[in-house]
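Chemist: coords please:
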Amino acid sequence: MKLKLLMLSMLFLGSSGLVQGATYYVDPSRGSDGNNGLSETSPWKTLAKINASKFAPGDVILLRKGAIWREQLNFPSSGSPGAPIVIDAYGSGELPTISGADLIPAESWSLCKSCGANIWEAPVQVKPNVVIFDGARGNRRSTSTEVSSPGDWFWDSGTLYIFSREEPSGAFRHPGIENGARSSGLNLTGIANVTVRNISISGANALPYGDGAGIWAITVHLEGPTPGKLIISNVSVSNGAGDGIHIENANQCSLDSVLVHDNEGAGIELYHSNAKFPINSGSITNSEVHHNGFNGIFLVGCPRGERCRSVVHPDGLIVTNIRVTGNKVHDNGAGIYLHETNDSVISGNVAYSNTNTSRRGEGYCVGLSGSSSNIVEKNDCYKARLAGIELSIDTGRPPFGSSENIIRYNVVHDDGTHGIFTNYDPSQHNQILHNLIYNHPQGACIMANFIRHEIENNTCFNSRIGIHLYVSSTTRKTGSITAKNNIIVNSSLHHVLIEKGVDGPFDFSENDYYPDSPAAFNWQGSQFNFAGWQNISGQDGHSILGDPAFRASVPGQPLDFVLRPGSPALGKGANLSGDISSHSANSTMGQRQQ
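Modeler: Here you go, the predicted model:
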């Protein structure tokens, strides 16, 4: 009878897809690679032992909390769809750390006699691309003579030079000065069905666009194998010379509750470069990505006719069906950037102060380049270097446009140029709906060109121009555009600007403008008040001119724009009773943290 029960139990476990794997422990201070690693009292010591081992689906590898390994983890094995291999932590204390950097011995430093004041030198044989001073990434300089301020460093011919007003061994102790030495922290090249959680990675030495990152997961070669079904959660990646997390040609990956900061390249990059391995599912959620040199969250395919990983793709490669939700993305080169990315959702994120130009980031809160049929909604976007939300083309031959996107229920404010900006033929038929857009004194609330855009139920306040329709050397035609049920208030130059060469047709109706002035409307170079605009353009016959009566006389946050009872603009503008009002807390939160 007992044998029958045992057999039934085994059959049940097999049919339910559950796999009971082995658990391995790794501890650099108490372990030995001669141990079997199967208990806390008999742990392995090094990551090299993991690299040289083979693991089965369902196995678990645990790194001791509070420990640090100055090694690269080249994970050797894939799990299976029903039984991923798990890399996790055990014990108490801070997350275990995998460092791509080496600690420079305190006794190595000497005052550089041929340099300027406060310049110290130490022998460092491997060329560092990053130097870390007590956990803060330093500033690389081009010559030793440029090393003149705290955090400055320069390397040449096996010698590292730094600036310090006192002996480095005394000035930096926690843990000291570290030089980048290994291209990655965790290398998952060709690895699939692995879960990574509760670890910290720092100091990866790979440069942007080079091989390596804090977490590096790419295709082994053109025919594979390729990574996929990676689950990464509660992981910190910082102070790398390149990207924080770089995942390439990997489908069905999810990143949740990760912290990625102070990397020289992109924070999180999901890249499609190989046509054999589509990316049509994935998510980046509930994470914080900040102070990275390039884009914070970067979804990128391959433009038409361009070379990606040595192969030219005439039709380009597209990333599809990615969810980017609930993230905080700030102080990067750009916030969230979609490049050749379709059918994805960017929702409920806070993106602000993305102004870093060190890697030529384009400075948007949310940018779409050659990306179509996406939903960008319920995001709080502010203090971008350029526009809050931008839709444009890629660099392919011929280029993709950004078309058929829905931009709705966003709060966009206090950006460097425009609130929402569409640019270039063939970007067309984008719906800009129910957005609250305010404080753009250097640009337009909404600026658009080419055809078939729908601009409806937006509230525009304190812009230089309310709605600006234009043509350019790259986009000779602009028309078939609707602008309905918008509230446009306190435009310092024009409520509406229709440039010369814009030949329409367009339909402006049911809008509310306030206040009026002799130059409130610009029709192809001639300025008019509201009545003159109606007469000359034939537009806005059913629109009104009146104070919308916002809740606050000087609105500064989303709920201030709620319309008072009896407002002449009821039913127009952004719907502040629902989706947008829920973001007022996000807006306040973001401003407090700057």
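Chemist: where does Lys54 land in three-state SS?
Modeler: Put simply, Lys54 is coil when judged by DSSP: H, G, I helix; E, B strand; the rest coil.
Chemist: for the chain, what are the low-confidence residue spans?
Modeler: 1-19, 577-594 (pLDDT under 70).
Chemist: how about the helices in it?
Modeler: All helices of the chain, identified by DSSP state H, fall at 2-15, 47-51, 168-171, 530-537, 584-592.
Chemist: what about stretch 244-263, start to end distance?
Modeler: One end of stretch 244-263 sits 6 Å from the other (C-alpha to C-alpha, to the nearest Å).
Chemist: I meant stretch 381-392, not that one.
Modeler: 18 Å.
Chemist: contacts only, for His429.
Modeler: Ser403, Glu404, Ile451, Arg452, His453, Glu454 (C-beta atoms under 8 Å, 6 or more residues apart in numbering). Just so you know, the C-beta spots here come from the backbone N, C-alpha and C atoms, and that holds for glycine as well.
Chemist: closest one of those residues to Ser257?
Modeler: Glu404 (31.7 Å; C-beta to C-beta).
Chemist: find the nearest non-adjacent residue to Pro398, please.
Modeler: Spatial nearest neighbour of Pro398, chain neighbours left out: Arg304 (6.4 Å); criterion: C-beta to C-beta, 6 or more residues apart in numbering.
Chemist: so who does that neighbour touch?
Modeler: Contacts for Arg304 (C-beta under 8 Å, 6+ apart) come out as His313, Pro314, Asp315, Gly316, Asp394, Gly396, Arg397, Pro398, Pro399, Phe400.
Chemist: what about the closest residue to Ser142 other than its chain neighbours, how many residues close to it?
Modeler: Counting by C-beta to C-beta, 6+ apart, Ser142 lies nearest to Phe154, which is 7.3 Å off, once chain neighbours are set aside. Neighbourhood size, Phe154 [other C-beta atoms under 10 Å]: 23.
Chemist: residues touching Phe154, list them.
Modeler: Arg140, Arg141, Ser142, Thr143, Ser144, Glu146, Val147, Leu160, Tyr161 are the contacts of Phe154 under C-beta under 8 Å, 6+ apart.
Chemist: turn those residues into CSV, including distance to Pro555 and neighbour count.
Modeler: Converted to CSV, these look like this (distance: C-beta to C-beta, whole Å; neighbours: other C-beta atoms under 10 Å):
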residue, distance to Pro555, neighbour count
Arg140, 44, 18
Arg141, 46, 19
Ser142, 47, 8
Thr143, 51, 9
Ser144, 53, 20
Glu146, 47, 16
Val147, 48, 25
Leu160, 53, 22
Tyr161, 53, 24
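Chemist: Gln20 and Ala56 touch, don't they?
Modeler: No - applying C-beta atoms under 8 Å, one finds Gln20 not in contact with Ala56, separated by 10.4 Å.
Chemist: pairing partners for Phe133 in the sheet, please.
Modeler: On the basis of DSSP bridges, Phe133 is bridged to Ala136, Ile177.
Chemist: pretty sure it is touching Gly151, no?
Modeler: Yes - with contact defined as C-beta under 8 Å, Phe133 counts as touching Gly151 (5.9 Å).
Chemist: so the two - more neighbours on which side?
Modeler: Counted by other C-beta under 10 Å, Phe133 and Gly151 do not tie: Phe133 has more neighbours, with 22 against 17.
Chemist: Trp341 and Thr320: what is the separation?
Modeler: Just so we're on the same page, residue 341 is Thr rather than Trp. Taking C-beta to C-beta, to the nearest Å as the measure, Thr341 falls 7 Å from Thr320.
Chemist: in terms of neighbours, single out the busier of those two.
Modeler: Higher neighbour count among Thr341 and Thr320: Thr341, with 29 against 20, using other C-beta under 10 Å.
Chemist: from Gly388, how far out is the more buried one?
Modeler: 18 Å.
Chemist: cool, Thr475 as well?
Modeler: Counting by C-beta to C-beta, the gap from Thr475 to Gly388 is 21 Å.
Chemist: which of the two has more neighbours?
Modeler: Neighbours per residue, other C-beta under 10 Å: of Thr475 and Gly388, the larger number sits with Gly388, 34 against 19.
Chemist: in this structure that one contacts Asn439, no?
Modeler: No - shown here, Gly388 and Asn439 do not form a contact pair, counting by C-beta under 8 Å, at 10.3 Å.
Chemist: give the residues shared as contacts by these two.
Modeler: Counting by C-beta under 8 Å, 6+ apart, the shared contacts of Gly388 and Asn439 are His413.
Chemist: in this structure, which strand is the longest?
Modeler: Counting by DSSP state E, the longest strand found in the chain is strand 436-448.
Chemist: name the helices or strands packed onto it?
Modeler: strand 411-413, strand 420-422, strand 459-469 (3 or more C-beta pairs under 8 Å, 6 or more residues apart in numbering; DSSP states H and E).
Chemist: the inter-axis angle of that strand versus strand 459-469?
Modeler: The directions of strand 436-448 and strand 459-469 differ by 10 degrees, with axes from the mean of the first three to the mean of the last three C-alpha atoms, to 10 degrees as the criterion.
Chemist: what does stretch 90-98 contact?
Modeler: By C-beta under 8 Å, 6+ apart, the residues outside stretch 90-98 that reach it are 25, 40, 47, 62-69, 71-73, 89, 185-186, 198-202, 236.
Chemist: make that stretch 133-145, sorry
Modeler: Outside stretch 133-145, the residues within contact range by C-beta under 8 Å, 6+ apart are 112, 115-116, 119, 129-132, 147, 149-154, 156, 161-162, 172-177, 238-239, 262, 264.
Chemist: Ala206: which of the helices and strands packed on strand 436-448 is closest?
Modeler: Nearest to Ala206, of all the helices and strands packed on strand 436-448, is strand 420-422, at 33.6 Å by C-beta to C-beta.
Chemist: outside of the closest one itself, list whatever touches it.
Modeler: The contact list for strand 420-422 (C-beta under 8 Å, 6+ apart) reads 387-392, 402, 407, 412, 430, 432, 435, 437, 443-450, 453.
Chemist: tell me the contacts of Glu146?
Modeler: For Glu146, the contact set (C-beta under 8 Å, 6+ apart) comprises Asp152, Phe154.
Chemist: just to revisit the earlier point, now do the residue nearest to Ser142 against Glu404, distance only.
Modeler: Applying C-beta to C-beta, the value for Phe154 to Glu404 is 50 Å.
Chemist: now Cys381
Modeler: Distance of Cys381 to Glu404, given as C-beta to C-beta: 21 Å.
Chemist: compare these two (neighbour count), which wins?
Modeler: Neighbours per residue (other C-beta under 10 Å) separate Cys381 from Glu404, with Cys381 holding more: 33 against 16.
Chemist: list the contacts of Asn292.
Modeler: Contacts of Asn292 by C-beta under 8 Å, 6+ apart are Gly244, Val260, His261, Asp262, Asn263, Glu264, Gly265, Ala266, Gly267, Asn332, Gly333, Asn356.
Chemist: most centrally placed residue in this protein?
Modeler: Centroid-nearest residue in the chain: Ile297, 1.6 Å away (criterion: C-alpha atoms, centre = their mean).
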